[in-house]
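Q: Let's see this in three dimensions:
(2 chains)
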Number of protein chains: 2
Amino acid sequence: MSATTSTTRPGGRSARVRAAVHRAVVEFLAENPAEALTLPLIATRAGVHPTTLYRRWGSVAELMADVASSRFSGDIVVPDTGSLREDLRRWASDVATDLADPDVLAIMRAAIGSSPDGGCACTADRHAQLTAILDRERSRGGTAPETAHAADVLLGPLYYRAIFAGQPADPGWTTELVDTLLK
Amino acid sequence: MSATTSTTRPGGRSARVRAAVHRAVVEFLAENPAEALTLPLIATRAGVHPTTLYRRWGSVAELMADVASSRFSGDIVVPDTGSLREDLRRWASDVATDLADPDVLAIMRAAIGSSPDGGCACTADRHAQLTAILDRERSRGGTAPETAHAADVLLGPLYYRAIFAGQPADPGWTTELVDTLLK
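A: Predicted coordinates:
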């Protein structure tokens, strides 16, 4: 690497390394059990020196938290149909579709397994999206449930089935969840 | 080990080994991240030869599935108060108490992380308990929701909060979940 490259485009190189490493994690988890994932194996696959990974992420847990929060950020566009019920139905259906993707499940399981203190970055963006949908209804002059309650009724069953039951969601079921929330 | 011991009490020895290994896993996970767990480390801690673990469980994933299904079997007694609402309230509160235990969460996270195909043995017993409560109400001549719907409304939020939000449940909240289910 030339001094010019490293001094003039540090952000560019840094972003490329991060993208390569994230891609390597996703590919690795599609082929291997999460327990086999190590920083040196990911470094080799990403074509990056292991020291770079240790310096930047420190541990598998930190790397997985970064991959999970990146993968689950801004991936679903919040619908705006003018109707709270219809917005929630579309959004819940999009979340269910996402949770039916085996690569998504593999990342999520690995992030949960390596999380040292509970919690998982996987769902922070889902809460933000849900809050945006509910706030928009209020700004229209309508009433909407609190985010915590809506998350219990919608995200609870969606993630519970995906993680514990290994069951795929069908579209009719997510509509029922929304109808339960809005009575 | 004498020939007498190994021929007269094979079940006894086998059960003792299993108990020692399970205890070693629980203790290990209370002190270390799940990603650090290996069969040789558990063998050393349990005072068992590594070959025994490889022969019996084959992989970390199989060992964790065994620990999870054993830990989450028969640990909660199904209440029988004569009232469906009261039975469900007590049971949901017991599940919430169990999910507030850091050791329980560590086992569950490790079992999810090492599960190769989704699903987790953690909740099979919860479904059986829920089915028993709902069936008992029907045998009393009452009506009760289907298990799948009851699991969505009760277990969904309980496990979702425990795993993704890292939030502890308060007793009032589990009562609300039951009231949502029974309207």
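Q: got a list of what A:Phe164 touches?
A: Neighbouring residues of A:Phe164 by Cβ atoms under 8 Å, 6 or more residues apart in numbering or on different chains: B:119-120, B:122-123, B:155, B:159. Heads up, the C-betas are built off the backbone N, CA and C, glycines and all.
Q: For it, report the pLDDT, please.
A: A:Phe164 carries a pLDDT value of 86.
Q: try A:Met108
A: pLDDT, A:Met108: 88.
Q: Stretch A:147-156 spans what distance, first to last residue?
A: Its first and final residues considered, stretch A:147-156 spans 12 Å by Cα to Cα, to the nearest Å.
Q: what's downstream of the lowest-mean-pLDDT helix or strand in chain A, the next helix or strand?
A: Within chain A, no helix or strand scores below helix A:3-8, which has a mean of 40 by mean pLDDT, DSSP states H and E. Using DSSP states H and E, the helix or strand that follows helix A:3-8 in sequence is helix A:10-31.
Q: what's the next secondary structure element after that following helix?
A: Downstream of helix A:10-31, the next assigned helix or strand under DSSP H and E is helix A:39-46.
Q: For that following helix, buried residues please.
A: A:39, A:42-43, A:46 (16 or more other Cβ atoms under 10 Å in any protein chain shown).
Q: And for stretch A:55-74?
A: A:56-57, A:59-61, A:63-69, A:71-72.
Q: which among the residues you listed gets closest to chain B?
A: Relative to chain B, the closest of those is A:Val60; by Cβ to the nearest Cβ it sits at 4.9 Å.
Q: what about chain A, any weak spots by pLDDT?
A: Within chain A, the ranges that satisfy pLDDT under 70 run A:1-11, A:116-119.
Q: Spatially central residue for it, please.
A: A:Phe72 (2.4 Å; Cα atoms, centre = their mean).
Q: Contact partners for that one?
A: A:121-126.
Q: for A:Leu181, same thing?
A: Contacts for A:Leu181 (Cβ under 8 Å, 6+ apart) come out as A:88, A:145, A:149-150, A:153-154.
Q: Look at the residue of chain A found nearest chain B and give its secondary structure.
A: Per Cβ to the nearest Cβ, A:Gly113 is where chain A lies closest to chain B, at 1.3 Å. Following DSSP: H, G, I helix; E, B strand; the rest coil, A:Gly113 is assigned to helix.
Q: burial count for A:Ala24?
A: Per other Cβ atoms under 10 Å in any protein chain shown, the neighbour tally for A:Ala24 reads 21.
Q: picking up where we left off before, right, and out of the buried residues of stretch A:55-74, which lies closest to A:Gly82?
A: Distance to A:Gly82, by Cβ to Cβ, is smallest for A:Phe72 among the buried residues of stretch A:55-74, at 26.8 Å.
Q: Up against chain B, what does chain A have?
A: A:33-35, A:37, A:59-61, A:105, A:109-110, A:112-120, A:122-123, A:151-153, A:155-166, A:177, A:180 (Cβ under 8 Å from any Cβ of the partner chain).
Q: Just the buried ones from these?
A: The buried subset of the residues of chain A next to chain B (16+ other Cβ under 10 Å) comprises A:33-35, A:37, A:59-61, A:105, A:109-110, A:112-115, A:118-120, A:122-123, A:151-153, A:155-165, A:177, A:180.
Q: Point out the ones among the residues you listed that are inside helices.
A: Under the assignment DSSP state H, those contribute A:60-61, A:105, A:109-110, A:112-114, A:156-160, A:177, A:180 to helices.
Q: these two touch, right, A:Tyr160 and B:Leu155?
A: Yes: if you go by Cβ atoms under 8 Å, A:Tyr160 and B:Leu155 touch, sitting 5.9 Å apart.
Q: which residues does the residue nearest to A:Glu27 when sequence neighbours are not counted contact?
A: Counting by Cβ to Cβ, 6 or more residues apart in numbering or on different chains, A:Glu27 lies nearest to A:Arg45, which is 6.9 Å off, once chain neighbours are set aside. The contact partners of A:Arg45, by Cβ under 8 Å, 6+ apart, come to A:24, A:27-28.
Q: And A:Tyr159, by the same measure?
A: A:99, A:123, B:156, B:159-160, B:163-164.
Q: Tabulate those residues (CSV), appending distance to A:Asp135.
A: Output for the contacts of A:Tyr159, formatted as CSV (distance: Cβ to Cβ, whole Å):
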residue, distance to A:Asp135
A:Leu99, 24
A:Thr123, 18
B:Gly156, 24
B:Tyr159, 27
B:Tyr160, 21
B:Ile163, 26
B:Phe164, 21
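Q: and which of these is nearest A:Ala92?
A: A:Leu99 (10.5 Å).
Q: ok, the nearest residue to the closest one once chain neighbours are set aside - contacts?
A: Excluding its sequence neighbours, the residue lying closest to A:Leu99 (Cβ to Cβ, 6+ apart) is A:Ala162, at 4.2 Å. The contact partners of A:Ala162, by Cβ under 8 Å, 6+ apart, come to A:99-100, A:105, A:108, A:169, B:118.
Q: again, but for A:Thr52
A: Here A:Thr52 is in contact with A:17, A:43 (criterion: Cβ under 8 Å, 6+ apart).
Q: Which of the helices or strands spans it?
A: Going by DSSP H and E, A:Thr52 is part of helix A:50-56.
Q: so how far is that helix from its chain's centroid?
A: Between the centre of helix A:50-56 and the centre of its chain there are 23 Å (Cα atoms, centre = their mean, to the nearest Å).
Q: Can I get that helix as CSV, trimmed to CA atoms?
A: Output of helix A:50-56 as CSV, limited to C-alpha atoms (Å, rounded to 0.1, in the frame of the first residue of the first chain):
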residue,chain,number,x,y,z
PRO,A,50,-5.9,-10.5,10.9
THR,A,51,-4.3,-7.7,12.9
THR,A,52,-6.7,-5.3,11.1
LEU,A,53,-9.7,-7.2,12.4
TYR,A,54,-8.4,-7.4,15.9
ARG,A,55,-7.6,-3.7,16.0
ARG,A,56,-11.0,-2.7,14.5
